[in-house]
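Asks: here are the coordinates; sequence isn't available:
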């Protein structure tokens, strides 16, 4: 089974790679992952399906959030924003296992660090960020995908920094 993101359980996987911003408390007991899908396929006029939530699905099962909002520009659907909240270390670890699988599925570098349980390796995250930023960006449809990959690389680098600050207690 592949790691995928859907907006309805019976729907098809979303093809747009989201910009993901993650926050976590110092003690690791709670945090949020904020997803932004710019021009997602789920809002395409030909594919309009009922958006029932954010479904993060992989071989372990599914993580679900009902905190999903559409963003509109000049009356036209432009983006979907969703928030996934975790309240325990176990939920954090489960979310990170999903993110590792999702990154692999999308062809992104996302590996475990030595001190982390399912957290990106800092060197790999920085290397991925440099590689992604060096990719040529054009006005084609691929530019949006490259920017999404760059956003994911930046998110991974920030995630590593937050994790080590939380682990060091300061």
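Replies: All right, it came through fine. All figures in this text were calculated on a predicted structure; none of them were measured in a lab. Residues are numbered from 1 along each chain as shown.
Asks: For stretch 27-43, measure first residue to last.
Replies: The straight-line separation of the ends of stretch 27-43 (Cα to Cα, to the nearest Å) is 38 Å.
Asks: mind listing what's buried in it?
Replies: Buried residues in stretch 27-43, counted by 16 or more other Cβ atoms under 10 Å: 28, 31, 33-38, 40-43. Quick note: C-beta positions are derived from backbone N, CA and C, even for glycine.
Asks: in a strand, that's where residue 92 is, yeah?
Replies: No. Going by DSSP: H, G, I helix; E, B strand; the rest coil, the assignment for residue 92 is helix, not a strand.
Asks: How much space separates it from residue 77?
Replies: For residue 92, the distance to residue 77 (Cβ to Cβ, to the nearest Å) stands at 31 Å.
Asks: One more: residue 93?
Replies: Taken as Cβ to Cβ, the span from residue 93 to residue 77 is 34 Å.
Asks: re the thing from before, and residue 92 and residue 77? which has more neighbours close in?
Replies: Shown here are residue 92 and residue 77; by other Cβ atoms under 10 Å, residue 92 has more neighbours (23 against 16).
Asks: How about that one, nearest residue that isn't a chain neighbour?
Replies: Spatially, and ignoring its direct neighbours in sequence, residue 92 is nearest to residue 86 (5.0 Å; Cβ to Cβ, 6 or more residues apart in numbering).
Asks: With residue 89 instead?
Replies: Spatial nearest neighbour of residue 89, excluding adjacent residues (Cβ to Cβ, 6+ apart): residue 28 at 5.1 Å.
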